[in-house]
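Colleague: pasting a predicted model and its sequence here:
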Amino acid sequence: MPPRKKKEAKPEDMKSILWKSADKLRGSLDAAEYKHFVLGLVFLKYVSAAMEEKRAQLEEGLRPGGWLLADLGFDGEAPAGAIPQILEDRELYTGAGIFYVPPTARWEVVLERAKGTLDDPTLGKVIDTAMETIEKFNTSLKKGTLPQQYNSGRVDETTLAGLVKLLDRLTFQAQVSEDGQRVGARDLMGEVYEYFLAQFALQEGRKGGEYFTPPSVVKLLVEMLEPAESERVFDPACGSGGMFVQAEKFVETHGGDRVNVAVYGQERNLTTWRLAHMNLAIHGIEVDLGEEPADSFRNDQHGDLKADVVLANPPFNISDWGGELLGLDDRWVYGTPPVGNANFAWIQHMVSKFAPGGRAGIVLANGSMSSKSGGEGDIRRAMVEDDVVACMVALPGQLFRSTQIPACLWFLAEGKGRHSKWVRGRKGEVLFIDASKMSELEEGSRTVKKLLAAEIEKVAGTFRAWRGAGTYEDVPGFCRSVPLAELREHEFVLTPGRYVGTAEAEEDPDAEPVEERVARLAKELFGLFEESGRLDAAVRGQLGRL
């Protein structure tokens with residue numbers, strides 16, 4: 001009997017295998033520390049693979065009659081002695097959005113040291129030097145962006161070597177998908193990087209929520225905001241940059257050129273700021289994350305920015321945001337936020353960034369829709385009266401790994417009903433959508449849920465129709481457009497469940513007529529009364545005999 005052919009692992013399986021194997025090497029480090037060792041090496045593996053892919057294209061272009069010869073001023077063919085120098089021309093890589101990796105910093109050098117081929121310096125030193133060199137040769141990476149802690153002794157050389165050899169199994173050469181589309185190293189690496197981010201966030205629990213927003217929530221935000229080519233996109237609490245990745249994917253899949261999208265973000269945590277730089281670099285997204293990690297309230301890195309699209313998942317209900325130091329800030333146009341809760345500070349900070357006709361989508365705790373403590377009710381009233389609130393969406397529970405606090409989405413629009421191109425003909429109205437009954441458990445999880453693609457489309461499609469891009473109708477139990485007068489009656493509480501009502505019960509053609517059902521049930525009830533009397537008499541008789 002011929003030997004059984006070994007089944008090749010699918011890309012999804014390979015990601016899972018790599019993750020489980022890498023996790024076994026973690027040793028004494030917790031997930032928060034270990035993720036920087038892993039993701040830094042994943043980044044190094046990617047930039048080397050991407051440069052190798054580009055180098056192969058350049059070599060093809062330098063062959064007799066190749067496309068690159070004319071660009072370089074050669075007639076027919078390039079001198080053999082010039083080709084090695086051309087292939088190391090940094091501008092040919094950086095000009096194409098590819099990181100230039102000098103020979104001493106490439107993955108192959110790190111791998112050789114991990115295999116023990118080289119004796120000195122230590123593997124940790126080789127990796128740290130590679131990271132420093134890549135930063136030096138690529139000005140888009142600020143100094144200190146890449147992790148340089150591999151020689152710190154936190155991970156022993158044997159474990160580090162095992163991790164390098166494991167990640168060497170990642171192959172990111174260009175491939176052709178089943179539908180005939182070419183998939184480059186960048187797209188494949190982006191998938192792995194996002195997968196590893198999600199797994200680390202799952203392990204870190206609450207801390208992981210500081211840099212990772214569930215993909216289905218990000219997709220819903222982006223589908224409803226519809227970022228477009230030539231627009232400025234801003235996230236003042238950007239975490240690892242997942243919002244930007246999805247925004248640029250949306251632009252690209254809708255026929256735009258994502259290169260023409262200007263992206264701005266801010267993040268106060270240094271390690272998360274570094275994660276964002278690496279994540280966005282892998283996805284080929286040029287982003288301005290400010291000169292340094294900084295607090296959005298007290299050290300705004302984009303003071304003069306006016307954005308077309310603002311989207312964020314800021315920390316829920318944070319109390320130590322420094323509100324007592326800001327006083328009567330110019331951003332508090334709807335009222336001073338309470339010192340003990342930053343929810344309405346985040347909202348007003350984002351509104352202050354609006355360009356004419358700007359729009360925003362914000363993830364907040366459910367309490368933001370109804371709380372009146374610390375003047376929050378007055379701020380909410382002022383925003384509704386100013387007609388800046390466009391839509392409120394109640395989310396299902398268990399979407400977030402980091403918190404069990406129920407969440408909602410706020411969608412805001414500058415100039416709604418006046419000059420906004422995003423919302424037309426809805427002056428003095430707010431759309432309420434109750435999506436709290438949607439979602440299903442993620443595969444392999446008993447606690448974490450996700451929104452399905454069809455559910456995301458249902459919510460986003462309803463909003464699009466309401467905004468004027470289709471025919472909108474209220475659906476009991478799901479959505480309702482509510483006028484300002486009714487919001488006043490409810491003291492500007494913005495909880496969707498208060499307005500959408502309950503779903504209409506579907507009529508069953510085989511259902512029993514109401515009159516007949518009442519008569520039948522009454523007959524059954526009287527029968528039960530009679531039976532109860534009989535049993536009561538029997539019990540009393542038995543007790544009397546005793």
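Modeller: Received, thanks.
Colleague: quick one: neighbours of the closest residue in space to Ser371 that isn't next to it in sequence, just the number.
Modeller: The spatially closest residue to Ser371, leaving aside those adjacent along the chain, is Gly377, at 7.0 Å (CB to CB, 6 or more residues apart in numbering). All C-beta atoms are positioned from the backbone trio N, CA, C, and that covers glycine. By other CB atoms under 10 Å, the residues close to Gly377 number 16.
Colleague: quick check: which element contains Gly377?
Modeller: The secondary structure element spanning Gly377 is helix 376-385 (assigned by DSSP states H and E).
Colleague: so what touches that helix?
Modeller: When contacts are taken as CB atoms under 8 Å, 6 or more residues apart in numbering, the neighbours of helix 376-385 outside the stretch itself are 334-335, 337-338, 341, 343-344, 347-348, 368-369, 371, 389, 412, 430, 484, 487, 491-492, 494.
Colleague: after that helix, which helix or strand is next?
Modeller: Past helix 376-385, heading to the C-terminal end, the next element that is a helix or strand (DSSP H and E) is strand 389-394.
Colleague: using PDB, write out every CA atom in the helix or strand just after that following strand.
Modeller: Sequence-wise, the next helix or strand downstream of strand 389-394 (DSSP H and E) is strand 407-413. C-alpha atoms of strand 407-413 as PDB (Å, rounded to 0.1, in the frame of the first residue of the first chain):
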ATOM      1  CA  ALA A 407     -21.300  48.900  25.000                       C
ATOM      2  CA  CYS A 408     -22.900  51.100  22.300                       C
ATOM      3  CA  LEU A 409     -21.900  53.100  19.200                       C
ATOM      4  CA  TRP A 410     -22.300  56.900  18.900                       C
ATOM      5  CA  PHE A 411     -22.400  58.300  15.300                       C
ATOM      6  CA  LEU A 412     -22.000  62.100  15.100                       C
ATOM      7  CA  ALA A 413     -22.200  64.400  12.100                       C
END
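Colleague: could you pull out the strands for this structure?
Modeller: Ranges of strands within the chain are 175-176, 182-183, 232-235, 262-265, 287-288, 307-312, 354-365, 389-394, 407-413, 429-434, 440-441, 449-450, 479-483, based on DSSP state E.
Colleague: where's Val74 relative to Leu87, distance?
Modeller: Actually, residue 74 is Phe. It isn't Val. Distance check for Phe74 against Leu87: by CB to CB, to the nearest Å, it reads 14 Å.
Colleague: next one: Lys219
Modeller: Using CB to CB, we find Lys219 at a distance of 40 Å from Leu87.
Colleague: between those two, which has more neighbouring residues?
Modeller: With neighbours defined as other CB under 10 Å, Lys219 and Leu87 compare such that Lys219 has more, 20 against 15.
Colleague: pLDDT wise, what is that one at?
Modeller: Reading off the confidence values, Lys219 has pLDDT 94.
Colleague: quick one, what contacts it?
Modeller: When contacts are counted by CB under 8 Å, 6+ apart, Lys219 touches 246, 451, 456.
Colleague: ok, Pro102 next?
Modeller: Contacts for Pro102 (CB under 8 Å, 6+ apart) come out as 133-134, 137.
Colleague: ok, the residues you listed vs Gly544, which is closest?
Modeller: Ile134 (96.7 Å; CB to CB).
Colleague: which non-adjacent residue is nearest that closest one?
Modeller: In this structure, Ile134 finds its nearest non-sequential neighbour in Ala105, 5.5 Å apart by CB to CB, 6+ apart.
Colleague: how about the one you found, what does it touch?
Modeller: In this structure, Ala105 makes contact with 44, 129-131, 133-134, judged by CB under 8 Å, 6+ apart.
Colleague: tell me how far Leu202 lies from Phe196.
Modeller: Applying CB to CB, one obtains 11 Å for the distance of Leu202 from Phe196.
Colleague: before we move on, what about Asp329?
Modeller: For Asp329, the distance to Phe196 (CB to CB) stands at 38 Å.
Colleague: before we move on, back to that, in a markdown table, list the contacts of Lys219 along with pLDDT, distance to Cys479 and neighbour count.
Modeller: Compiled in a markdown table, those are given as follows (pLDDT from 0 to 100; distance: CB to CB, whole Å; neighbours: other CB atoms under 10 Å):
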| residue | pLDDT | distance to Cys479 | neighbour count |
| --- | --- | --- | --- |
| Gln246 | 88 | 23 | 21 |
| Leu451 | 94 | 16 | 23 |
| Ile456 | 97 | 15 | 21 |
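Colleague: now, those that are in helices?
Modeller: Judged by DSSP state H, helices contain the following of the contacts of Lys219: 246, 456.
Colleague: out of the contacts of Lys219, which comes closest to Gly323?
Modeller: Nearest to Gly323 among these: Gln246, at 30.5 Å, using CB to CB.
Colleague: shouldn't that closest one be in contact with Leu225?
Modeller: No. With contact defined as CB atoms under 8 Å, Gln246 does not reach Leu225; the gap is 10.2 Å.
Colleague: what is the neighbour count of the closest residue to Arg268 other than its chain neighbours?
Modeller: Using CB to CB, 6+ apart and skipping the chain neighbours, the partner closest in space to Arg268 is Asp295 (4.8 Å). The tally of other residues near Asp295 (other CB under 10 Å) stands at 14.
Colleague: go ahead and confirm Asp295 touches Gly322.
Modeller: Yes. With the criterion set as CB under 8 Å, Asp295 and Gly322 qualify as a contacting pair; they are 7.1 Å apart.
Colleague: let me know whether Asp235 touches Pro314 as I believe.
Modeller: No. Judged on CB under 8 Å, Asp235 makes no contact with Pro314 at a distance of 9.4 Å.
Colleague: can you tell me how far the spatially closest residue to His419 that is not a sequence neighbour is from Val309?
Modeller: What sits nearest to His419 in space, not counting adjacent residues and going by CB to CB, 6+ apart, is Gly357, at 6.1 Å. Taking CB to CB as the measure, Gly357 and Val309 are separated by 10 Å.
Colleague: neighbour count for the two, which is higher?
Modeller: Shown here are Gly357 and Val309; by other CB under 10 Å, Val309 has more neighbours (27 against 16).
Colleague: any idea of the mean pLDDT in stretch 497-516?
Modeller: 72.
Colleague: next one: stretch 366-381
Modeller: In this model, stretch 366-381 has a mean pLDDT of 95.
Colleague: now that stretch: buried residues?
Modeller: Counting neighbours by 16 or more other CB atoms under 10 Å, one finds that the buried residues in stretch 366-381 are 366-371, 374-377, 379-381.
Colleague: helices of the stretch 201-350 of the chain, start to end?
Modeller: Across the stretch 201-350 of the chain, reading from the start of the chain, the helices by DSSP state H, counting those that start in this stretch fall at 215-225, 242-253, 270-282, 343-351.
Colleague: Arg446 is nearest to which of those helices?
Modeller: Nearest to Arg446 among the helices of the stretch 201-350 of the chain is helix 215-225 (17.5 Å), distances taken as CB to CB.
Colleague: could you export that closest one as PDB, CA atoms only?
Modeller: The C-alpha atoms that make up helix 215-225 are tabulated as PDB, following Å, rounded to 0.1, in the frame of the first residue of the first chain:
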ATOM      1  CA  PRO A 215     -12.700  43.000  14.400                       C
ATOM      2  CA  SER A 216     -16.400  42.800  13.900                       C
ATOM      3  CA  VAL A 217     -17.000  46.000  15.800                       C
ATOM      4  CA  VAL A 218     -14.200  47.800  13.800                       C
ATOM      5  CA  LYS A 219     -15.800  46.600  10.600                       C
ATOM      6  CA  LEU A 220     -19.300  47.800  11.600                       C
ATOM      7  CA  LEU A 221     -17.800  51.300  12.500                       C
ATOM      8  CA  VAL A 222     -16.100  51.500   9.200                       C
ATOM      9  CA  GLU A 223     -19.000  50.300   7.100                       C
ATOM     10  CA  MET A 224     -21.200  52.900   8.700                       C
ATOM     11  CA  LEU A 225     -18.700  55.800   8.400                       C
END
